[in-house]
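A.B. asks: Below is the structure, and that's it, no one-letter string:
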């Protein structure tokens, strides 16, 4: 299986929205490569005809009664926000200068 | 009296409170004093709620005085892993990204503890988002093992295990995704039980890997763990994976086990969990425990589980995949840390900076590994194949449980290792969970019980017992039988031999 190069690690960090310093990236890339090598051991198992398990105890269609119950108040929901304004979450701009 | 109270079992404290021998406030104050005296060295707690604990204890005393019927653990103090939400205390998950976060609601486990009159002393340290085997991945500094302060107390629930072994709390709550209740129990000489997946509600448990995470009881005795298990377990409509069936009678099983008779119980020793990589003293104590089981009447056979050796690599594909998805919620928008919001940077730049600053190395490693395993082109070879291995591990358990009632192995291949030894060697760290991970993948019940001290370093060793899903009671019967037999052989419980800490 393929290994994780520094360039690939940088790509993964971008996909995962992690801003990493260059030395941190160097360090993590080497470790990720070693871990990827180790986990590739799963390919030794012949499992073509084996169904996958996504959950320990499979359950389907788990429903609660459709009864309204109190949720958080606006005050509670905004209480721990890093920024709030006019009863809403205040967030940094979501569109670039060009937009 | 105060020092005696901190040495008592939870069952003993509950009885003393009920009979009026000690008040709940006295019991709580004794533990708060102990925390003040020793936690500077141990660092089991991230937050101690002195006022809240005393208020909760006073309420128990008042209700008892009014003649109310209270739960079997009313007034007994407990240390809560800081990954369960608490509306009156911070919930940090050991991460800078949630430093100081005050959740607007209680986890179901928190609520059940409060309803039972259990006094929550505070929140315990853990590896960041419960990811690690040493508690060194906490953003707030490591916890130390009371048996040797230069060593790790296990992880991720090292704060919980260390609080028990240093007599700061008689009960604690842990969570186990790959061994985070059982491995800390093993290396501190305490008891830790991972209930069947779905046995304890995950509502308000901040998610690490949702298909594997399970809360459970930690204690110094098997009966205490059983009493706590019955307080926190049971169906919860707020968790769609919660089991809608009666909780096995774990307290009765613990009492029955204390008779010391295991005749008719079939025990399988997992053949694959021995040999290279296992410390000699761990194997020696494990073999003592197996001999003891036979002496107590159990029928012991060797059982092969050929796919267990693939459980660890499969786990390190499944877990990071779920982690990369679960930790995506920390986006600096609605709660938690926000870095670099200067009016110029975009939301995406702020998100990148916040996550880069807020997460520690292990969280980053796992997020990136999960992102990799779920990438198109690699998905089938990695995540898909790991899910098939998960099926094969479950089938190994199913086949084994046709022959035997429980499986046993060492809990972890070595005793507590020195702080710093594996912190930058992730693969060495991952080996600590070699024996515990199969139960998380299959979802069945398992536990660790103290089985002695390794000859070479005098540190605790754990006996790992695995039972089928929904047969949690078997763990308690076996654990209690082993506990009483060892205690009479040793002349007292293992924790009698933990070194005295200097009192501040």
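C.D. replies: Good, I have the coordinates. In this text the structure is predicted, and so the values were computed from the model without any measurement.
A.B. asks: low-confidence ranges in chain A?
C.D. replies: A:1-2, A:96-99 (pLDDT under 70).
A.B. asks: For chain B, give me its nearest residue in it.
C.D. replies: residue A:56 (2.4 Å; Cβ to the nearest Cβ). All C-beta spots, glycine's among them, are computed from the backbone N, C-alpha and C.
A.B. asks: list the contacts for that residue?
C.D. replies: Shown in contact with residue A:56 (Cβ atoms under 8 Å, 6 or more residues apart in numbering or on different chains): B:197, B:198, B:211, B:212, B:394, B:440, B:441, B:442, B:443, B:444, B:469.
A.B. asks: In JSON lines: the residues you listed, plus distance to residue B:124 and pLDDT.
C.D. replies: Below are these laid out as JSON lines (distance: Cβ to Cβ, whole Å; pLDDT from 0 to 100):
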{"residue": "B:197", "distance to residue B:124": "22", "pLDDT": "97"}
{"residue": "B:198", "distance to residue B:124": "24", "pLDDT": "97"}
{"residue": "B:211", "distance to residue B:124": "24", "pLDDT": "96"}
{"residue": "B:212", "distance to residue B:124": "20", "pLDDT": "97"}
{"residue": "B:394", "distance to residue B:124": "31", "pLDDT": "98"}
{"residue": "B:440", "distance to residue B:124": "21", "pLDDT": "98"}
{"residue": "B:441", "distance to residue B:124": "26", "pLDDT": "98"}
{"residue": "B:442", "distance to residue B:124": "27", "pLDDT": "98"}
{"residue": "B:443", "distance to residue B:124": "25", "pLDDT": "97"}
{"residue": "B:444", "distance to residue B:124": "26", "pLDDT": "98"}
{"residue": "B:469", "distance to residue B:124": "28", "pLDDT": "96"}
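A.B. asks: any idea which of these is closest to chain A?
C.D. replies: The closest of the contacts of residue A:56 to chain A turns out to be residue B:443 (Cβ to the nearest Cβ; 2.4 Å).
A.B. asks: Just list the residues touching that closest one, thanks.
C.D. replies: A:55, A:56, A:57, B:196, B:197, B:198, B:394, B:469.
A.B. asks: Name the surrounding residues that touch whatever helix or strand residue B:398 lives in.
C.D. replies: Applying DSSP states H and E as the criterion places residue B:398 in helix B:385-403. Applying Cβ under 8 Å, 6+ apart, the contact partners of helix B:385-403 are A:39, A:42-43, A:45, A:47, A:50-54, A:56, B:266, B:268, B:270, B:301, B:303, B:305-308, B:310-311, B:313-315, B:317-318, B:373, B:407, B:438, B:441-444, B:466, B:468.
A.B. asks: ok, and for it, which residues are buried?
C.D. replies: When burial is assessed from 16 or more other Cβ atoms under 10 Å in any protein chain shown, helix B:385-403 yields the following buried residues: B:385-394, B:396-397, B:400-401.
A.B. asks: can you give me the offset of stretch B:318-331 from its chain's centre?
C.D. replies: 21 Å (Cα atoms, centre = their mean, to the nearest Å).
A.B. asks: any chance of the contacts of residue B:443 in TSV, with distance to residue B:221 and secondary structure too?
C.D. replies: Shown next, in TSV, are these (distance: Cβ to Cβ, whole Å; DSSP: H, G, I helix; E, B strand; the rest coil):
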residue	distance to residue B:221	secondary structure
A:55	33	coil
A:56	28	coil
A:57	29	coil
B:196	21	coil
B:197	25	coil
B:198	26	coil
B:394	31	helix
B:469	25	coil
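A.B. asks: Around chain A, which positions in the stretch 1-150 of chain B sit nearby?
C.D. replies: Within the stretch 1-150 of chain B, the positions near chain A by Cβ under 8 Å from any Cβ of the partner chain are B:101, B:102, B:103, B:104, B:105.
A.B. asks: can you pick the most crowded of the residues you listed?
C.D. replies: residue B:103 (22 neighbours; other Cβ atoms under 10 Å in any protein chain shown).
A.B. asks: Apart from its neighbours in sequence, what residue is nearest residue A:50?
C.D. replies: residue B:388 (4.3 Å; Cβ to Cβ, 6 or more residues apart in numbering or on different chains).
A.B. asks: Give me the pLDDT for that neighbour.
C.D. replies: For residue B:388, the pLDDT comes out at 97.
A.B. asks: That one and residue B:445, how far apart?
C.D. replies: 24 Å (Cβ to Cβ, to the nearest Å).
A.B. asks: Please, where are all the helices along the stretch 101-250 of chain B?
C.D. replies: B:108-115, B:158-165, B:182-188, B:222-232, B:250-257 (DSSP state H, counting those that start in this stretch).
A.B. asks: Repeat that for chain A.
C.D. replies: A:6-15, A:22-39, A:74-79 (DSSP state H).
A.B. asks: May I see those helices arranged in CSV, with distance to residue B:143 as well?
C.D. replies: Below are the helices of chain A laid out as CSV (distance: least, Cβ to Cβ, whole Å):
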stretch, distance to residue B:143
helix A:6-15, 29
helix A:22-39, 24
helix A:74-79, 30
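A.B. asks: Switch those over to a markdown table; also include distance to residue B:121 and mean neighbour count.
C.D. replies: Shown next, in a markdown table, are the helices of chain A (distance: least, Cβ to Cβ, whole Å; neighbours: other Cβ atoms under 10 Å in any protein chain shown):
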| stretch | distance to residue B:121 | mean neighbour count |
| --- | --- | --- |
| helix A:6-15 | 39 | 17 |
| helix A:22-39 | 37 | 17 |
| helix A:74-79 | 25 | 14 |
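A.B. asks: Kindly reformat the ones you listed as JSON lines containing distance to chain B.
C.D. replies: Shown next, in JSON lines, are these (distance: least, Cβ to the nearest Cβ, whole Å):
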{"stretch": "helix A:6-15", "distance to chain B": "4"}
{"stretch": "helix A:22-39", "distance to chain B": "4"}
{"stretch": "helix A:74-79", "distance to chain B": "4"}
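A.B. asks: out of those helices, nearest to residue B:427?
C.D. replies: helix A:22-39 (5.8 Å; Cβ to Cβ).
A.B. asks: separation between residue B:252 and residue B:230?
C.D. replies: 10 Å.
A.B. asks: where does the stretch 151-300 of chain B dip in pLDDT?
C.D. replies: Ranges of the stretch 151-300 of chain B meeting pLDDT under 70: none found.
A.B. asks: Which residue ranges of it form strands?
C.D. replies: Using DSSP state E, counting those that start in this stretch, the strands of the stretch 151-300 of chain B run over B:171-175, B:191-194, B:215-219, B:266-270, B:299-303.
A.B. asks: How far off centre is the fourth one?
C.D. replies: Between the centre of strand B:266-270 and the centre of its host chain there is 23 Å, according to Cα atoms, centre = their mean.
A.B. asks: Stretch A:84-99 now?
C.D. replies: How far stretch A:84-99 lies from its chain's middle: 23 Å, per Cα atoms, centre = their mean.
A.B. asks: what does that stretch contact?
C.D. replies: Outside stretch A:84-99, the residues that reach it (Cβ under 8 Å, 6+ apart) are A:74, A:78, A:81, A:83, B:333-334, B:341, B:343, B:345-350.
A.B. asks: show me where the stretch 351-500 of chain B has helices.
C.D. replies: B:361-373, B:385-403, B:426-430, B:437-442, B:472-490.
A.B. asks: which phi and psi does the nearest residue to residue B:235 once chain neighbours are set aside have?
C.D. replies: Spatial nearest neighbour of residue B:235, chain neighbours left out: residue B:244 (4.7 Å); criterion: Cβ to Cβ, 6+ apart. Torsion angles at residue B:244 (phi, psi; degrees, to the nearest 10) stand at phi -90, psi 60.
A.B. asks: rewinding a little: redo the strands of the stretch 151-300 of chain B as a markdown table? Include distance to chain A.
C.D. replies: Listed next are the strands of the stretch 151-300 of chain B as a markdown table, based on distance: least, Cβ to the nearest Cβ, whole Å:
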| stretch | distance to chain A |
| --- | --- |
| strand B:171-175 | 15 |
| strand B:191-194 | 11 |
| strand B:215-219 | 14 |
| strand B:266-270 | 18 |
| strand B:299-303 | 19 |
